[in-house]
Each structure stands twice: as C-alpha cells, then as structure tokens.
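got a structure for you, letters missing:
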Ligand code: NAP
C-alpha cells in the first residue's frame, strides 16, 4: 500500500494562518507590528530571492519587514555595527542575516553578534546551547518545520526509534535535540556511518538531511515508517530529494515529497519565530522591577 504523502504546502499555509492571528493580537499589545530585520550583503542572486520571499511572507501576515542591504564591500566592523544597532532597536524583534556573506566577512563572528533573543534563525551558539540543553529559546526554522510536519501527520515521536542522516548545525543536530526532547530514541548518521542501510531500517521516523540525491533507497526504509526528506538537490532531472521517492512511497507509512514537503515550512517557521521573539520581548518588558 502506498504511503500517505505529507503536504508541506498545506501545513505551511496553516502555520501562516496561525501566525497571522498571533500577529494581530501582538500588534495590539505592542502598539506596533512585530518587526523582522533582514540583512542582505553582496549580489548572490539566490540569496536575493530567498530574502525577497521572506520579506513578502512577513508582509502577508502583518509582520513589519525592516530591510538593510549594505554595499557588498562593507567591512566586518561596519557589519558588526549594523547588527549591534539592530540588537538595540526597539522596533526590531527578529534579526536575519542572510548567508553566505562575502569573503572579507567572518560569518561566524556576525552570527555570534546577534542578540540570542532576536536570533530568529536559531544559529547563534547561545540558541544552539539552549536547544541542546532542552531549555526554551529560538530554534532553527527547518528543524522546527520538520517537527510541525510530524505533528501534522499525527506522529508522536515519544518512545519511537528515530534516525537522522546528516549532522549539520543547520539541520541534523537541531533535529536530534528536538526529537530527543520529544522523547524519541535518536540515532544520528553521517558520512562515516558503517552500514547506513542497516541503521535506517531501524527507523520508525527517518529524517534524511545529507544533500545526496536519492541516497536513501526503498530497501533502507522500515515498512510503515514516517520519512521526512530534507534534501534539495538540483540535478539534470530537476529538484531531487535525498530519498528515492518512487521506491520509498511503496514502503513508508507517510513521506514528504520534494518539492512541496519540508521546503515550504522553513519560511513559515521564520514567521512563527519572529512572533515568538516579539512575545518574549513583551514578557521581558512587562516583568516587574
Ligand atoms: P551539510 O551541511 O552538507 O551536511 C550534510 C550532512 O550529511 C553531513 O553531516 C554529512 O556527513 C552527511 N552526509 C553526506 N553524505 C553522506 C552519506 N553518503 N552518508 C551519510 N551521511 C552523509 O548539509 P545541510 O545544510 O544539513 O543540508 C542537507 C540537505 O538539506 C541539503 O540538500 C540542503 O539543500 C537541504 N536543506 C533544505 C532546507 C529546506 O528548507 N528544505 C533547509 C536546509 C537544508 P559528515 O558530517 O560526515 O560530512
């Protein structure tokens, strides 16, 4: 029997609707709309498209988009000054510095300078540390989107065997912490894993985030498993995931397609994070003393 195909576009649309309602309430409470600052440096065309989509998504749900596009020749110190200015700004609830940055800039130093309470990409070491320790904080968007997709498919990770393929700071590691926090028994695989197929076949929840087209074949999937394919690989056959979808759909219980699975969730969760950051700042402002 073929698997249920999880519709990421529909789940993302429902998250955006939820966020729209929260933005309305927050705007009344704050006396201004929540604000997301985006910083785009250089002329990478893909980055320009990503930032434009994020800004449009903000406007659609009522979040104010505050955009900065410094010259590509900006120095490290000047960019650090801009980040500090945004950290201080009362109008700015979330800060997103689009990566990659030009060669003269040390990206880690810029990301690390972002106020963790405005870190809507969840990429600062403080955010990563909070997540790893199971403390409240802002969580990277794609991993959070994966958890929303699991919830939408009615999959409770508690007590289940979960396997993640990939250990990046952007996807694999945060997904590990989120699944562990949701009480799954979690295994993380990488390029040195000895028998990837054997480990994957244990998974009731399988997350593929390796960036290798069709790395996960049908015979690596446990019958009835929920398979989340994070891979977005541009090939001669178009956009392809890390999972061989045609084979996997025959074995899995539920599976995300590429495109139309994880992809649409990322911007939706950015909006949700901006609301979370704005609410957190409101709580701090309202605290006695
Ligand atoms: P990354 O930083 O390149 O990390 C890839 C991970 O996969 C590494 O941990 C690597 O292991 C592991 N890996 C590579 N080949 C492997 C193999 N043959 N067997 C087992 N493990 C292997 O990639 P990323 O940033 O996490 O992204 C992963 C994929 O998700 C990419 O296709 C990316 O485009 C996609 N992505 C999509 C979204 C979205 O919104 N849909 C967002 C983010 C990323 P080592 O650590 O040993 O090298």
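That came in fine, so what should we check first? Predicted model, so just to flag it, every value in this text is computed and none were measured. Numbers count the residues shown, from 1 in each chain.

Flag every residue of the stretch 101-250 of the chain that's near the ligand.
Taking CB under 6 Å from any ligand atom as the criterion, the stretch 101-250 of the chain approaches the ligand at residues 142, 165-168, 170-172, 189-193, 196, 209-212, 215, 230-233. The way it works is simple: take the backbone N, C-alpha and C, and place the C-beta from them, glycine included.

So which of the residues you listed sit within helices?
142, 172, 196 (DSSP state H).

list the contacts for the second one?
Contact criterion CB atoms under 8 Å, 6 or more residues apart in numbering gives 164-166, 188, 190, 207, 209 as the residues in contact with residue 172.

What about the residues of the stretch 101-250 of the chain next to the ligand, which are in strands?
If you go by DSSP state E, those have 165, 189, 233 in strands.

how about the strands of the stretch 151-289 of the chain, start to end?
For the stretch 151-289 of the chain, the strands defined by DSSP state E, counting those that start in this stretch occupy 161-165, 185-189, 205-208, 226-229, 233-235, 238-240, 254-255.

Any regions of this structure where pLDDT drops low?
1, 289 (pLDDT under 70).

Can you give me the distance of the closest residue to residue 265 other than its chain neighbours to residue 63?
Spatial nearest neighbour of residue 265, chain neighbours left out: residue 145 (2.7 Å); criterion: CB to CB, 6 or more residues apart in numbering. Distance of residue 145 to residue 63, given as CB to CB, to the nearest Å: 17 Å.

May I see the buried residues of whichever strand or helix holds residue 22?
Per DSSP states H and E: residue 22 is located in helix 8-30. Within helix 8-30, the residues scored as buried using 16 or more other CB atoms under 10 Å are 8, 11-12, 15-16, 19, 22-23, 26-27, 30.

Of those residues, which is the nearest to the ligand?
For these, the minimum distance to the ligand (CB to the nearest ligand atom) is 8.8 Å, reached by residue 8.

which one is the closest one nearest to, not counting chain neighbours?
residue 261 (4.2 Å).

Does the one you found touch residue 232 like I think?
No. Judged on CB atoms under 8 Å, residue 261 makes no contact with residue 232 at a distance of 9.7 Å.

Tell me how far stretch 227-236 lies from the chain's centre.
15 Å (CA atoms, centre = their mean, to the nearest Å).

Quick check: buried residues in it?
227-233.

Report the buried members of the contacts of residue 172.
164-166, 188, 207, 209.

for those residues, which one is nearest the ligand?
The closest of these, once distances to the ligand are taken by CB to the nearest ligand atom, is residue 166, at 3.4 Å.

ok, that closest one touching residue 212?
No. With contact defined as CB under 8 Å, residue 166 does not count as touching residue 212 (9.1 Å).

And the helices in the stretch 51-200 of the chain?
Using DSSP state H, counting those that start in this stretch, the helices found in the stretch 51-200 of the chain span residues 76-88, 107-113, 125-132, 141-152, 172-181, 196-200.

Could you save those as TSV and add columns showing distance to residue 49?
Shown next, in TSV, are these (distance: least, CB to CB, whole Å):
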stretch	distance to residue 49
helix 76-88	21
helix 107-113	19
helix 125-132	25
helix 141-152	16
helix 172-181	24
helix 196-200	33
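
how many neighbours does residue 100 have?
12 (other CB atoms under 10 Å).

Could I get the buried residues of helix 8-30 in CSV, plus columns for distance to residue 237?
Converted to CSV, these look like this (distance: CB to CB, whole Å):
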residue, distance to residue 237
8, 20
11, 26
12, 25
15, 30
16, 30
19, 34
22, 40
23, 39
26, 44
27, 45
30, 47
